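A.B. asks: after the sequence you'll find the predicted model.
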Amino acid sequence: MTYSGGMKRRLDLAMTLIGDPRIIFLDEPTTGLDPRSRRMMWQTIRELVAGGVTIFLTTQQLDEADQLADRIAVLDHGKVVAEGSPEELKRSIPGAHVRLHFADATGLGAAERALGGAFRHDDALTLEVPSDGGAIAVRELLNRLGDAAAGVDEVSVHTPDLDDVFFALTGRPAKETTSEMENAR
């Protein structure tokens, strides 16, 4: 009988749970899984943690680290270059901004003059304004726009994700790095 990748992963985890361990080490537990199996594995991991099991998880899937980890260590060439909660790591790097999209170039230009210091994308008719993205900051930003706010047809908040953290900390594009994220739960 041949088992699928998802079934093999579940069997590996089931064998690991024999003896009711309090600490489990999982190395890339969702590699090769389809989205449904991946979510099932995430749920199993969450249930184990809720039951008091400590899980050390290595993964290069940074969305997985963000979803599952209480604490993360970023490794670069075998050395820890940062550690903290996902939120602490994301707040530690610059890049949060509010993106304002405009219906036309006239509105874009008026908003740029009103704000100053925003990064303009002519082809996308957007302005990126540095901000923490909180509700108060967005409200203040729209108030600063004054009459130019009428030209805004979409507002979105962008905060750094763990990919941004990884690139900021390792300083190299993805193709040149062999680093991985390691989460300790």
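C.D. replies: Looks like it arrived, so ask away. Numbers count the residues shown, from 1 in each chain.
A.B. asks: centroid residue for the protein?
C.D. replies: Residue closest to the average C-alpha location in the chain (C-alpha atoms, centre = their mean): residue 161, at 3.2 Å.
A.B. asks: mind listing what that one touches?
C.D. replies: Contacts of residue 161 were listed using C-beta atoms under 8 Å, 6 or more residues apart in numbering, and they are 62-63, 66, 90. For every residue, glycine as well, the C-beta is placed using N, CA and C.
A.B. asks: at 7 Å instead, please
C.D. replies: Contacts for residue 161 (C-beta atoms under 7 Å, 6 or more residues apart in numbering) come out as residue 90.
A.B. asks: distance of it relative to residue 89?
C.D. replies: Distance, residue 161 to residue 89, using C-beta to C-beta, to the nearest Å: 10 Å.
A.B. asks: give me the below-cutoff pLDDT ranges for this protein.
C.D. replies: Along the chain, the model assigns pLDDT under 70 to residues 172-185.
A.B. asks: surely residue 22 touches residue 54?
C.D. replies: Yes - in this structure, residue 22 is within contact of residue 54 by C-beta atoms under 7 Å, at 6.5 Å.
A.B. asks: who's more crowded, those two?
C.D. replies: Under the criterion of other C-beta atoms under 10 Å, the comparison of residue 22 against residue 54 puts residue 54 first, with 14 against 9.
A.B. asks: neighbours of the nearest residue to that one once chain neighbours are set aside, how many?
C.D. replies: Excluding the flanking residues, the one nearest residue 54 by C-beta to C-beta, 6 or more residues apart in numbering is residue 23, at 4.8 Å. Residue 23: 9 surrounding residues under other C-beta under 10 Å.
A.B. asks: what about the strands in this structure?
C.D. replies: Here the chain has its strands, by DSSP state E, at 23-27, 54-59, 71-76, 79-84, 97-102, 119-121, 126-130, 152-158, 180-184.
A.B. asks: can I get these in a markdown table with distance to residue 142?
C.D. replies: Shown next, in a markdown table, are those (distance: least, C-beta to C-beta, whole Å):
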| stretch | distance to residue 142 |
| --- | --- |
| strand 23-27 | 45 |
| strand 54-59 | 38 |
| strand 71-76 | 34 |
| strand 79-84 | 32 |
| strand 97-102 | 9 |
| strand 119-121 | 18 |
| strand 126-130 | 10 |
| strand 152-158 | 7 |
| strand 180-184 | 36 |
